[in-house]
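**Q** predicted model and sequence follow; I will ask about them next.
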Amino acid sequence: MKVVVIGGGISGLAAAYRLRGAGCEVVVLEADARHGGKVRTEADGGYVVEHGPNGFLDSRTQVLDLARDLGLGSRITQADEAAKKRYLFLDGTLREAPSGPMSFLAGPLLSPKGKARMMAEPFVPRRKGGGDESVYDFAARRIGREAAERLVDPMVTGIYAGDVKRLSLPAAFPRLHRLEVEHGGLMRGMAAMMKQRKADMGAAAGPSGRLTSFPGGLGEMIDALVGALGDAAQAGRPVQRLERVGAHGWKVHAAGGDPIACDAVVVATPTDVMAKLIGPLADGATAPLETIRYAPAAVVAVGYRAVDLPRTLDGFGFLVPSGERRRVLGVLWSSTLFPGRAPGGHALLRCIVGGSRQPELLDLADDELIDVVVSELSITLGGAMTAPAFSKVVRWPAGIPQYELGHLDRVAAAEAAVRPLSGLHLAGNGLYGVSLADCIARADALPEMVLRTE
């Protein structure tokens, strides 16, 4: 069976690799001049900057399994122990996030009333009735509005750069949704998860995993995938249209060559591109795909001599709740997380700007964005900052897919529209999960789906 994969990001490359492993002949067509999509690592002057995702959690094994299959097992690198310490910028200062129930109860993140409301969560009944629910409404209902605004809001920002009141809980955080459905609440569900993980692993285990990457960044995985696929991975070849051939065949018309005849097509592109390709063939697919919104975001990486910083970077970094009204969504202390990301004696900070909160910031020029970040770091780190020794601005006008209310219905509608088109399959973070693990999990499932095509 010959399969054409459209889109050379992590979703498409992983799908092609798994399909080849299942015995398929594959071709990957990527419109850009390079593969990888938003997964890109750039080394410059001793600094190592991630343009997109910064790593993955080792609690979900899909990325680890793929890395080992690619021969990268010995290069899997966990974040430094210091990464266990995380901060929130609250009430005008950095406050350490709680590492457990006791530190939470003793800490200053919530008022006594807010803590009491959160600890009453096991007594909150399940939600009655069906239908979608926003992440904010779920959190406010189960743990109180104060915790929703001060704790859940920045957590959501750190993943989606989105609006906690617009994102769908079952779409954006399906495991949280299942905790209430299956166990009646968050604390009961988390206790059950911890008990099961301890039984499975024979030791204490945290529920979230540890941030993981490679010495040279996530770009190592993209390079390994492209290397394994060889000539099958073709960049600079935007697909212009799909053509149905008979009841089961396809032709893919792409720039830079003749149409490619194949038995199946996997479309692993952003959803707007997906809509343009399959809309003319699948009645009803265009509208649900085009209405999936992407939040714009900019990565502003700045490097400093460590002695010039107003504080020690002793942790993962910090997130900022929307109520603080700052112009950064969060800052990762990259050189603390993974030593070697900055020259000796220097530090690298990776700042995220824009998102659904302030998309207009992406209209600023690079030097203006850097000035914004320096000003915000002066406030959040607690001391005047000078111009950085190193800076890099990366813009993503269509950055992170927003799984807003109704997302699962939109995905279902798109899937129903393409179902009559035998051999056409969908993938990508616009539909099935924004994390690397989600993208690779979909890739892992595709061989069975493709090979059972009639």
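**A** That came through, no problem.

**Q** could you chop the protein up by domain?
**A** By the assignment in automatic domain parsing, the chain contains the domains 2-37+215-292+404-451, 110-201, 294-401.

**Q** what's the mean pLDDT across the second one?
**A** Mean pLDDT, computed over domain 110-201, is 90.

**Q** report the distance from that domain to the chain centre.
**A** Here domain 110-201 is found 19 Å from its chain centre; the criterion is CA atoms, centre = their mean, to the nearest Å.

**Q** and what of stretch 245-254?
**A** How far stretch 245-254 lies from its chain's middle: 32 Å, per CA atoms, centre = their mean.

**Q** pull it out as PDB, backbone CA atoms only.
**A** Provided in PDB are the C-alpha atoms of stretch 245-254 (Å, rounded to 0.1, in the frame of the first residue of the first chain):
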ATOM      1  CA  VAL A 245      -9.500   8.000  -8.500                       C
ATOM      2  CA  GLY A 246     -12.200   5.400  -8.700                       C
ATOM      3  CA  ALA A 247     -13.700   4.000  -5.500                       C
ATOM      4  CA  HIS A 248     -10.500   3.700  -3.500                       C
ATOM      5  CA  GLY A 249      -7.600   5.400  -5.200                       C
ATOM      6  CA  TRP A 250      -6.100   8.900  -4.900                       C
ATOM      7  CA  LYS A 251      -3.900  11.400  -6.700                       C
ATOM      8  CA  VAL A 252      -2.100  14.000  -4.800                       C
ATOM      9  CA  HIS A 253      -1.200  17.100  -6.800                       C
ATOM     10  CA  ALA A 254       1.800  19.000  -5.300                       C
END
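
**Q** which parts of that stretch are buried?
**A** W250, K251, V252, A254 (16 or more other CB atoms under 10 Å). In short, each C-beta sits where N, CA and C put it, glycine included.

**Q** for stretch 145-158, same thing?
**A** Neighbour counts over stretch 145-158 (16+ other CB under 10 Å) mark 146-158 as buried.

**Q** residues in contact with it: which ones?
**A** Outside stretch 145-158, the residues that touch it by CB atoms under 8 Å, 6 or more residues apart in numbering are 88, 90, 109-111, 113-114, 117-118, 135-136, 139-140, 143, 162, 164, 167, 172, 319-323, 329-330, 355, 357.

**Q** can you do 7 Å?
**A** Residues outside stretch 145-158 that contact it (CB atoms under 7 Å, 6 or more residues apart in numbering): 88, 90, 109-111, 114, 117-118, 135-136, 139-140, 162, 164, 167, 319-323, 329-330, 355.

**Q** ditto for stretch 178-188
**A** If you take CB under 7 Å, 6+ apart as the criterion, stretch 178-188 is touched by E121, P122, V124, R126, R127, R142, G189, M190, A192.

**Q** re earlier: looking at the buried residues of stretch 245-254, which are in strands?
**A** In this view, those that belong to strands under DSSP state E are W250, K251, V252, A254.

**Q** so for Q62, which of the domains of the chain sits nearest?
**A** Across the domains of the chain, Q62 has its closest neighbour in domain 2-37+215-292+404-451 (4.2 Å, CB to CB).

**Q** run through who's touching stretch 295-302.
**A** 49, 51, 160-162, 348-356, 359, 361-362, 369-370, 373, 388, 390-400, 402.

**Q** gap between it and the chain center?
**A** 14 Å.

**Q** now do the buried residues in it.
**A** A295, P296, A297, A298, V299, V300, A301, V302.

**Q** tell me the confidence at the fifth one?
**A** With respect to pLDDT, V299 scores 98.

**Q** pLDDT weak spots in the chain?
**A** Applying pLDDT under 70 to the chain picks out residues 101, 196-208, 453-454.

**Q** now the buried members of the contacts of stretch 145-158.
**A** Once neighbours are counted (16+ other CB under 10 Å), the buried part of the contacts of stretch 145-158 comes down to 88, 90, 109-110, 114, 117-118, 135-136, 139-140, 162, 164, 167, 319-322, 329-330, 355.
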